[in-house]
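S.K.: fold the stuff below for me.
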Amino acid sequence: MVISAIDGMAGVGKTALALHAAHRLAERFTDGQLFIDLRGHTQGQQPRSAAEALEWLLLALGVPPQRIPQDADERAALYRQRLAGSRTLIVLDNAANEAQIRPLLPGDAGCLVLVTSRRRLKGLDDASTLSLDVLPQADAVALLRSVATRGHEHELMPDPLLAEIADLCGGLPLALRIAAALLRHRPAWSPEHLAALLRDQHQRLGTLFDGDRNLAAVFDLSYQNLGATHQRLFRRLGLLPGADVDAYAAAALADTDPSTATSLLEDLVDDNLLMQHTPGRYWMHDLLRLHARTLAGRDPAHSRDSALERLLNYYQHTAIRADDLVTRFPLPVPAGPRPRTNPTWPTRTPPGLGYAPSAPTCSPPSITPASTHSPTAPSSSLRVSPRSCAPTAHGPKPSPCTPSPSPSPATSATELTSPCLDPARRGAGSDRRLSGCGARPARGLEPVPGLGRFAVARPRP
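M.R.: Numbering: from 1, shown residues only. All right, here's what the predicted structure looks like:
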């Protein structure tokens, strides 16, 4: 027996791929093909139990209803007996979990089982797995064009607009098919009109609805299958101002510890509600993020504000601690409560970065949301105020981004990328990045963990 398990986020094309493969392979399985929807994620219906699925499969194999046992184990034994020695292809679509699938697996080596699920079926040790990703832009545009012009192939559609629509759909096949259906069946709609509707983040998900297929409802089925703690973190991730997140930032959003946050994040990865291309870094598909943000908008305003405040306090405290490792002048602790947990930091000061007694007193940069009551604000709506340096007895107040005197060779091997970076203040041809009140050439750097988009660098040992 060969088992192939196909998983992926909602709308990515799991069933379409399984059916396409089944049609291509049908002639190799001369004893028949079986298909059953296990209803793991079906609007208004509960997942089929293993006993119910076995009854349906036995009926499809020609077993009279009166000969089907009532006991689930006896049904499984009869099912395997009927498949023994046969070459049968079985498609188990829309599975909820491994427990639902195991009784439906035949015991004969001549059978092929294709399983689709939104969850990663880690418990099927003998299965070969395939996790589907969204389409690359060229394939997404081809699918959009094919469905939108079906029956009207002579109609030309501008490639740039189709590429933009494909990008706004995130390369998700279901979203692309819905968008194409809207163009095909609403003659008054032009690609320009559809693109304009999709550009509005507030109505993008609402636009992707063609009367039968509703993308927001499809996403909500995955959300409803989560536990309360996972649902809460999923909503909080919709408030994230950056593109990705780590366990420390997620812990700040959820008001928990990084270990618990890691476990919750990995569970969301298993449910294909988060992606992870690098260990420890998690990101969400754009359309899923919009859905999470919409759900977060239903939470009380004070709950959203508290989550964002914890996150921005975490970013600010972490940035200041990283700054202390690579600059000469220590900064005061920023206002606001300290994060419950911070990343592990080196315990030594890098060579050549001792603190000068004549250092000016600098205030840290402040990060505040542009609107604390707007959960749907775009990710760029943060106000970052650069730190300022007060005058001291040793000289006048320097500009926040004025380079300090040339550092020593030991010091010049480090750099800090600061929120107060202003390219307009850099001289033509300059290859230096400004670092708060000083500037140093960049070389020998590695990322400091836990800072997300507000990345700071430290010298490699």
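
S.K.: I'd say Q100 and L38 touch.
M.R.: Yes. Using Cβ atoms under 8 Å, Q100 makes contact with L38 at a distance of 5.9 Å. All C-beta atoms are positioned from the backbone trio N, CA, C, and that covers glycine.

S.K.: looking at those two, which one has more neighbours?
M.R.: L38 (25 against 22; other Cβ atoms under 10 Å).

S.K.: mind pulling the model confidence for that one?
M.R.: Looking at L38, its pLDDT reads 97.

S.K.: quick one: distance of the longest helix along the chain to the chain centre.
M.R.: Longest helix of the chain, by residue count under DSSP state H: helix 301-326. Taking the mean of its C-alpha atoms, helix 301-326 sits 21 Å from the chain's own mean (Cα atoms, centre = their mean, to the nearest Å).

S.K.: so which elements touch that helix?
M.R.: helix 247-254, strand 366-369, strand 457-459 (3 or more Cβ pairs under 8 Å, 6 or more residues apart in numbering; DSSP states H and E).

S.K.: how about stretch 31-42: buried residues?
M.R.: 33-41 (16 or more other Cβ atoms under 10 Å).

S.K.: just to revisit the earlier point, list residues touching both of Q100 and L38?
M.R.: 47-48, 53 (Cβ atoms under 8 Å, 6 or more residues apart in numbering).

S.K.: domains in the protein, as residue ranges please.
M.R.: 2-131, 137-213, 217-299, 300-422+431-461 (automatic domain parsing).

S.K.: which one of the ones you listed has the lowest average pLDDT?
M.R.: domain 300-422+431-461 - the lowest mean pLDDT of these, at a mean of 54.

S.K.: can you pull out the strands in the stretch 1-150 of the chain?
M.R.: For the stretch 1-150 of the chain, strands defined by DSSP state E, counting those that start in this stretch occupy the ranges 2-7, 33-37, 89-95, 112-117, 128-131.

S.K.: any idea how far the shortest one is from the chain center?
M.R.: Using Cα atoms, centre = their mean, the distance from the centre of strand 128-131 to the centre of the chain it belongs to is 19 Å.

S.K.: got the CA coordinates for it in PDB?
M.R.: Presented in PDB, the C-alpha positions along strand 128-131 are these (Å, rounded to 0.1, in the frame of the first residue of the first chain):
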ATOM      1  CA  SER A 128       4.900  10.400   1.700                       C
ATOM      2  CA  THR A 129       3.900  14.000   2.300                       C
ATOM      3  CA  LEU A 130       3.500  17.000   0.000                       C
ATOM      4  CA  SER A 131       2.800  20.400   1.400                       C
END
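
S.K.: touching it from outside, list them.
M.R.: Contacts of strand 128-131 (Cβ under 8 Å, 6+ apart): 2-8, 120-121, 272.

S.K.: in those residues, find the pair that's most separated.
M.R.: The distance between the two most remote of the contacts of strand 128-131 (Cβ to Cβ) is 23.2 Å, for V2 and N272.

S.K.: these two: which is more packed in?
M.R.: N272 (22 against 13).

S.K.: picking up where we left off before, distance to F209 and neighbour count added to the shared contacts of Q100 and L38, as TSV?
M.R.: Shown next, in TSV, are the shared contacts of Q100 and L38 (distance: Cβ to Cβ, whole Å; neighbours: other Cβ atoms under 10 Å):
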residue	distance to F209	neighbour count
P47	25	18
R48	27	22
A53	31	24
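
S.K.: just these now: which is nearest V333?
M.R.: P47 (51.4 Å).

S.K.: how near is the residue lying closest to that closest one once chain neighbours are set aside to N313?
M.R.: Computed as Cβ to Cβ, 6 or more residues apart in numbering, the closest residue to P47 that is not its neighbour in sequence is A96, at 4.3 Å. From A96 across to N313, the span is 39 Å (Cβ to Cβ, to the nearest Å).

S.K.: quick one: residues contacting the spatially most central residue of the chain.
M.R.: When Cα atoms, centre = their mean is applied to the chain, the residue found nearest the centroid is M284 (1.6 Å). By Cβ under 8 Å, 6+ apart, the contact set of M284 is 237, 273-275, 292.

S.K.: for P334, state which of those is nearest.
M.R.: The closest of those, once distances to P334 are taken by Cβ to Cβ, is L237, at 24.1 Å.

S.K.: tell me, how many residues neighbour the closest residue to that closest one other than its chain neighbours?
M.R.: Nearest residue to L237, sequence neighbours excluded (Cβ to Cβ, 6+ apart): A292, at 5.6 Å. Residues lying near A292 (other Cβ under 10 Å) number 24.

S.K.: what helix or strand is A292 located in?
M.R.: helix 286-296 (DSSP states H and E).

S.K.: what's the angle from that helix to helix 301-326?
M.R.: Following axes from the mean of the first three to the mean of the last three Cα atoms, to 10 degrees, one obtains 120 degrees for the angle between helix 286-296 and helix 301-326.

S.K.: any idea how far stretch 189-205 is from the chain center?
M.R.: Worked out by Cα atoms, centre = their mean, stretch 189-205 lies 22 Å from the chain centre.

S.K.: tell me the buried residues in it?
M.R.: In stretch 189-205, counting by 16+ other Cβ under 10 Å, buried: 191, 194-195, 197-198, 201, 204-205.

S.K.: from L194, how far off is A188?
M.R.: Taking Cβ to Cβ, one finds A188 at 11 Å from L194.

S.K.: show me which of the contacts of strand 128-131 are buried.
M.R.: Buried among those by 16+ other Cβ under 10 Å: 3-8, 120-121, 272.

S.K.: how many residues are close by A216?
M.R.: 16.

S.K.: pretty sure it contacts Q203?
M.R.: No. Applying Cβ under 8 Å, one finds A216 not in contact with Q203, separated by 10.9 Å.

S.K.: the stretch 1-150 of the chain: helices as residue ranges?
M.R.: 14-25, 50-60, 72-83, 98-101, 137-148 (DSSP state H, counting those that start in this stretch).

S.K.: mind checking which of those is nearest D167?
M.R.: That would be helix 137-148 among the helices of the stretch 1-150 of the chain, by Cβ to Cβ, at 6.8 Å.

S.K.: in that closest one, what's buried?
M.R.: Those would be 140-141, 143-145, 147-148, for helix 137-148 by 16+ other Cβ under 10 Å.

S.K.: using JSON lines, lay out these together with distance to A175.
M.R.: Formatted as JSON lines, the buried residues of helix 137-148 follow (distance: Cβ to Cβ, whole Å):
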{"residue": "A140", "distance to A175": "9"}
{"residue": "V141", "distance to A175": "13"}
{"residue": "L143", "distance to A175": "10"}
{"residue": "L144", "distance to A175": "10"}
{"residue": "R145", "distance to A175": "15"}
{"residue": "V147", "distance to A175": "12"}
{"residue": "A148", "distance to A175": "13"}
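
S.K.: between those, which sits nearest R232?
M.R.: A140 (32.4 Å).

S.K.: measure the closest one to R39 for me?
M.R.: For A140, the distance to R39 - Cβ to Cβ - is 29 Å.

S.K.: also P106?
M.R.: From P106 to R39 the distance is 21 Å (Cβ to Cβ).
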